[in-house]
Structures are given as C-alpha cells and as structure tokens.
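Enquirer: Structure, please.
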Amino acid sequence: MADYQDIRGLRVKYLSADPADPAGGEVWYNSTTGTLKSRLLTEAWSSGANVTTARRGMASSKGGTQNAMFGASGYTTTAVAITEEYDGTGWSSGDNVNTARYAFTGAGTLTAGVIFGSQTEVEEYNGTTWTAANAMPQGRGAYDMGAGTQTAAVAAGGFAPGFTTNTNATEEYDGTNWTTSGVLSNAPRNHSGCGTQTAAVTFCGDLGPTTTQQVQNYDGSTWTNITTTPAAEVQYMAFGTQTQAVYTGGSTSPTTGTFTYDGTTISTSPVSITTGRAQSVNGGSGTAGIIGSGYTSGPTTHSSATEEYNVSTSVITAGAWASGTSINVARYAGNAAGPSTAAVYWGGQTPGDTQTLTEEYDGSTWSEVTDMPSGTYASASFGTQTAAVSAGGAPPTSGNLNTSYEYDGTNWTAGNTINTARRYLAGFGILTAGVIAGGFGPPASAATENYDGTNWTTAPNSLNTARDRSSATGTNTAGLFCAGTPGDTSSEEWNGTAWTAGNTMIFGAQDRGCAGSQTDALFFGDSPPSANTEGYDGTNFSTRPSMGTARGVFYTGGTPNASTTGAWAGAGYTTTAVANVEEFTGDTSAANIETLTTS
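Expert: Predicted structure coming up:
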C-alpha cells in the first residue's frame, strides 16, 4: 500500500539550522526557530557602476548578457564615436565606431555584434575592432527595435528616409546582406524590442502625432498584434526574449515603472528603476538585464547611472561606498596602511600645518596613538597597521625628505634613508618586502627602490615614464603603478624585477587613493576633487560606483587586501581638508531565504 511520501513526494526536512546553500524552491522546518522556510525567487533592480561618458541614444548588443555587452556611439552635446563595454562589474573603453550617430540600435553580442540605423551605415564588432559592413537599403532613425545575432538580425519601424514620416518596414540581416520582410501592423518610431530574428517582440511607440500601446510579435516573416501595454510609452528600454521580456523607463515622465511579457500577457512588475530615464543602453535576458546612462528630466540632462535587473533565488547587493567613522583631525596628503578593519593613518597637512599625528581605525572607531618623530606629507606608504612604512615625502618646511620610518602598532622608529630624496611618490608591499617608485625632486622621477625591512636598494630598472603624484598597490613581485600628472591614464606593472606598460586607465588622474592587488585593484578620487572610482582585473580598467564625496590628494598606499574586502578612503581634500571616511564593499550575493506564513 502506498504511503504519504509515495503519494505526495519527499517529506519536508526537519533541521536545526538553515542549510548553507538550499536549492530554489526547497522547503524545510527550522526546529530552532520553529518556522517553515524556503528559498524563493526575488525580483529586483540594483545599482551598477557608472558609464564613463553620460549620453543618450546608444546602440546596444541586444543579444549580449548582463556580464558582457557594449554601448556604442550616442549623443552628449553632439554625436560621439566612443564604445563602452560592461563586464558585470564596470564599464571599460572599447574601440571607437567608424560613424558617430545616435538614436539607433544593434544586435548580437559583445564579441560578435552589429549596429545599424540613424543612417544607412552598418558596422560589425568582434570585441576589439569595428568594421564597416554592407549598408541597409534605407536609413532610418529614432528607434531601438533591433534583435537577433550578428548573422541573423532584424530591424523594424523608425523614421523613414528623410526623417519626416515613419516606416512600417522590416529588414533582416544575415551577416552579409539585408532583405525586406513583413511589415508592422503600424509604423512606430521611438520604440524598442528584443528577441531573435525568428521570435521578436516590440512594444508601444510614437506614431506621430499619436502614440500606440500595441504589442507585436514577429515569427521571422509576419508581425502579429498580441495585446496592448498598460500605457503608451516611447524611448523606453527592452531586453530579453519574446517569451520572457522586460521593458522599463521611457520619456513620458520619464517613468520608473517596469513591465514583464511572457509572449502573450503584459504584467506590471513590483519593482521599479531608481532613476527614471529614456534612450539608455540596454540588454541581457529577461532574468538578468541591464540599462545604463540615457537622459532624465530632458534630452540634454544625461545620467551616468547603471542599473541591473535580476530575478534570482539570491539577493544581489551591488558594490558601493558607504560612510565610515570620520578621523579625529581633518587633513590631506597623509599616508595610510591596512584594510578598513585594521588601518593606520599618519602625517598629512591641515591648512598651514604639517601633522605628526597618527590614528588607528578598527572599522568603527579612530584612536590617537604615538605621534611620528617628525611631520611629513606626500610620502610613500605601505604595509599593515602593525608593520607600516613611511618613506620620503616633504617636511613642514620646503624641500624633500630621504628619511623612512617604521610603525609596529605602538611606536615609530627611524629606518635607513632612501637613495633618492623626493615627495609625491608611491609605494606598495609589506614591511619586509616593499617597493617605492616615482616622485618629484624636481624634476619628476622614475627611480624605483626595494626595501627588505632594513635596507633600501635602487632597482636596476626604473619606471618607463618618470612621474609623480601617482598611485600604486600590490606586492613586491606583482605591483601596479598608475597615472600621475593631470590627464595621464597610463599604467605600469612590476614583476619584482622590471616595469612593463599596462593598459590605459579610464580616468586621467593624480593624487588618487588605491587598494588591492595587481589583479583586483581599486583607484578613487582625483585632484581637482572627484568621486570617480575604477577597478582593475589584471587586464582591463573599468568603472566602479562613485564615492559619496568628491575629493582627492590621497597618498594612501595600497592595502594588502583585495579591493572588494578592504578598500577605504580616509580624509582628503575638497576645497579644504576633510575628515570623513568611506568604505567600499564589492558585489555580494546571498540566498533569499524566507519564512513561510499563512498570511
């Protein structure tokens, strides 16, 4: 005879604690809390890293993913040719398009993409280079209805040639040629869509002078009216597939509402975007999408914000800066070492004064400890809270220092002198294996020195480019040295013996703070003051969420922690010395465990 388990399936697990990583939909009884629990789906928008250039009307790799897509060209105060690539963490620079334009669209992926519209020009992207392809039969604009792949794309609607009337035409691209297909049931512009060449969807649009709420599906030859949207919208963003699509935003308000589509029915989502906007870059799937930049209160007011859409059994929290406890004495050009939970900050300047003050931070409280033997600022710094090094810099009077000091968590002791006296230099590593480089004599220096905990030794290989006011992080065998003078975006990597040229940074900057390793680094601030933040993954630089307070004149050495676990920005300069502290936390993901109730 069949028992209950045979009829109804597995019994609910009886556990004293929640499982570490339960499967989606799994149900269990927690005997400790006396509650029935399950891991459930959650739907949410979260903030991502800003684009490098705020603009509207970009073309997107509509078939790309949330972790690999591009936004090409677009409009600032004129059409721009730049391309930005998103890796799920931040935006980085790609190749410029051949023909700058805006209010057009694209298809495909980051490494096999295609853009078309606004004019007849068509370009293909391989993730590195844009190449001109065969032109469209007719130019069209004011649309984002692109779908499919680089070798099987579809375009529909928009402005007709001459840009005075709309078109209902549909054209398909096979990677070489364009052919005409079935017409839309109406002729919208400023509309968007998504899907594939044989299963696409488009929503709403501007019929000029009226708007439409019509939703149409495409099967590779014919468009069919399916349903209507709750309200007419234009210049919105859509991503996903014909049977699992999302659209949001638009220029009517601009709105923040989000809607989902299952191939038949439109549903209002319970979540909204934070920044109402239109004409944003957009792409991804119906469960993991992205929008970025676009315009907000008007076509000339551009947002740099990025937002990610996720439907998941995990709660995803985007990386961000958050306020920490301010240091006791506001200053700038000071030095620091250690992660945000065990940091030390020393020296620096207040208006008219050079500090000897040293403070320690445990992640919640700053405490004054033993002063330095002598005031200094713009020194190189590296190490930890209980084994820190300060080298070179400037004294309270004019000139440069060749002195070095060591801090053991209680007291400062004088170390041996460095070989080249200088200020505005940078360092990285630990007390027994450190490196300092660059600086200002004058002139700017390329000198590199190694420290073994006792002696400073001039390295036989100097920086490739002499510079000062740079930032550096890493270890004595895997270091990273970046930027310097205003507009400098160059980087160099250290392998323990020699420097080699690295990739280009996003922001040309000086006097920046930094943290992390050669393969996971974070750089922030600038002089003049800026909130810009960027990361480095060992290959490329890309944007990260901005600091809450724009500032600069940091000389904080790289912490020995990864950027996502130990970065902090302490003090600095806005229009004067400031005391506030911010701490950075990278993206996190945790199981969405909910207590089941009868309500």
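
Enquirer: Now do the helices in this protein.
Expert: For the chain, the helices defined by DSSP state H occupy 4-8, 563-566.

Enquirer: quick check: domain ranges of this structure?
Expert: 12-41, 44-312, 323-585 (automatic domain parsing).

Enquirer: Redo these as JSON lines? Include mean pLDDT.
Expert: Below are these laid out as JSON lines (pLDDT from 0 to 100):
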{"stretch": "domain 12-41", "mean pLDDT": "85"}
{"stretch": "domain 44-312", "mean pLDDT": "95"}
{"stretch": "domain 323-585", "mean pLDDT": "93"}
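
Enquirer: Which one of those domains lies nearest to residue 591?
Expert: Closest to residue 591 of the domains of the chain, according to CB to CB: domain 12-41, at 5.5 Å. In short, each C-beta sits where N, CA and C put it, glycine included.

Enquirer: Kindly check the end-to-end length of the closest one for me.
Expert: The first and last residues of domain 12-41 sit 19 Å apart, counting by CA to CA, to the nearest Å.

Enquirer: from the chain's centre, how far out does that domain sit?
Expert: 34 Å (CA atoms, centre = their mean, to the nearest Å).

Enquirer: Check stretch 76-94 too.
Expert: Mean-position distance between stretch 76-94 and its chain equals 11 Å (CA atoms, centre = their mean).

Enquirer: Ok, stretch 277-294 next?
Expert: Mean-position distance between stretch 277-294 and its chain equals 14 Å (CA atoms, centre = their mean).

Enquirer: Span of that stretch from start to end?
Expert: In stretch 277-294, first residue to last residue: 6 Å (CA to CA).

Enquirer: TSV for the domains of the chain, including mean neighbour count?
Expert: What follows is the domains of the chain, written out as TSV (neighbours: other CB atoms under 10 Å):
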stretch	mean neighbour count
domain 12-41	14
domain 44-312	21
domain 323-585	21
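
Enquirer: The ones you listed: which one's closest to residue 596?
Expert: Smallest distance to residue 596 across those (CB to CB): 4.4 Å, for domain 12-41.

Enquirer: How about the spatially most central residue of the chain, nearest residue that isn't a chain neighbour?
Expert: Geometric centre of the chain, nearest residue: residue 90, 2.4 Å, by CA atoms, centre = their mean. Distances taken as CB to CB, 6 or more residues apart in numbering place residue 542 nearest to residue 90, at 3.2 Å, with adjacent residues excluded.

Enquirer: list the contacts for the closest residue to residue 169 other than its chain neighbours?
Expert: Nearest residue to residue 169 in three dimensions, chain neighbours excluded: residue 183, at 6.2 Å (CB to CB, 6+ apart). Contact partners of residue 183, counting by CB atoms under 8 Å, 6 or more residues apart in numbering, are 168-170, 223.

Enquirer: can you redo those as CSV with distance to residue 240?
Expert: Below are the contacts of residue 183 laid out as CSV (distance: CB to CB, whole Å):
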residue, distance to residue 240
168, 23
169, 24
170, 20
223, 18
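
Enquirer: From those residues, pick the one nearest residue 190.
Expert: Nearest to residue 190 out of the contacts of residue 183 is residue 168 (CB to CB; 14.4 Å).

Enquirer: picking up where we left off before, is it correct that the residue nearest to the centre of the chain is in contact with residue 543?
Expert: Yes - between residue 90 and residue 543 a contact is recorded at 4.2 Å, counting by CB atoms under 8 Å.

Enquirer: list residues touching both of these two?
Expert: 49, 534-535.

Enquirer: so how far is residue 155 from the closest residue to residue 547 other than its chain neighbours?
Expert: Counting by CB to CB, 6+ apart, residue 547 lies nearest to residue 531, which is 4.2 Å off, once chain neighbours are set aside. Residue 531 sits 39 Å away from residue 155, going by CB to CB, to the nearest Å.

Enquirer: Repeat that for residue 94.
Expert: Distance from residue 94 to residue 155, by CB to CB: 22 Å.

Enquirer: got it, and residue 592?
Expert: Distance from residue 592 to residue 155, by CB to CB: 38 Å.

Enquirer: Then residue 52?
Expert: Relative to residue 155, residue 52 is positioned 28 Å away (CB to CB).

Enquirer: Kindly report the same for residue 312.
Expert: Distance, residue 312 to residue 155, by CB to CB: 32 Å.

Enquirer: Residue 184 too?
Expert: Using CB to CB, which is the criterion applied here, residue 184 is 11 Å from residue 155.

Enquirer: any shared contact partners between those two?
Expert: By CB under 8 Å, 6+ apart, the residues touching both residue 184 and residue 155 are residue 170.

Enquirer: from the shared contacts of residue 90 and residue 543, which is closest to residue 27?
Expert: Of all these, residue 27 sits closest to residue 49, with 36.6 Å by CB to CB.

Enquirer: just checking, that closest one touches residue 92?
Expert: No - using CB under 8 Å, residue 49 is not in contact with residue 92, being 9.9 Å away.

Enquirer: what sits in contact with each of those two?
Expert: Residues touching both residue 49 and residue 92 (CB under 8 Å, 6+ apart) are 542-543.

Enquirer: Residue 43: what's it in contact with?
Expert: 269-271, 309-311.

Enquirer: Which members of those residues occur in strands, if any?
Expert: Members of the contacts of residue 43 lying in strands (criterion: DSSP state E): 309-311.

Enquirer: what would these look like in a markdown table with distance to residue 144?
Expert: Listed next are the ones in strands among the contacts of residue 43 as a markdown table, based on distance: CB to CB, whole Å:
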| residue | distance to residue 144 |
| --- | --- |
| 309 | 17 |
| 310 | 22 |
| 311 | 22 |
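
Enquirer: Out of the residues you listed, flag the one nearest to residue 29.
Expert: residue 311 (26.6 Å).

Enquirer: who does that closest one bridge with?
Expert: residue 43 (DSSP bridges).

Enquirer: can I assume it is in contact with residue 40?
Expert: No - using CB under 8 Å, residue 311 is not in contact with residue 40, being 11.1 Å away.

Enquirer: residue contacts, the closest residue to residue 193 other than its chain neighbours?
Expert: Excluding its sequence neighbours, the residue lying closest to residue 193 (CB to CB, 6+ apart) is residue 202, at 3.5 Å. Neighbour list for residue 202: 145, 156-157, 184, 188, 191-193, 215-216, 218, 238 [criterion: CB under 8 Å, 6+ apart].

Enquirer: Identify the farthest-apart pair in the residues you listed.
Expert: That would be 184 and 238, which, of those, are the farthest apart (CB to CB) at 15.2 Å.

Enquirer: right, and residue 131 touches residue 123 too?
Expert: Yes - Residue 131 is within contact range of residue 123, at 6.5 Å (criterion: CB under 8 Å).

Enquirer: list residues touching both of these two?
Expert: Residues touching both residue 131 and residue 123 by CB under 8 Å, 6+ apart: none at all.

Enquirer: Look up phi and psi at the spatially closest residue to residue 490 that is not a sequence neighbour.
Expert: Using CB to CB, 6+ apart and skipping residues adjacent in sequence, the residue nearest residue 490 is residue 465, 6.3 Å away. With angles defined as degrees, to the nearest 10, residue 465 sits at phi -130, psi 120.
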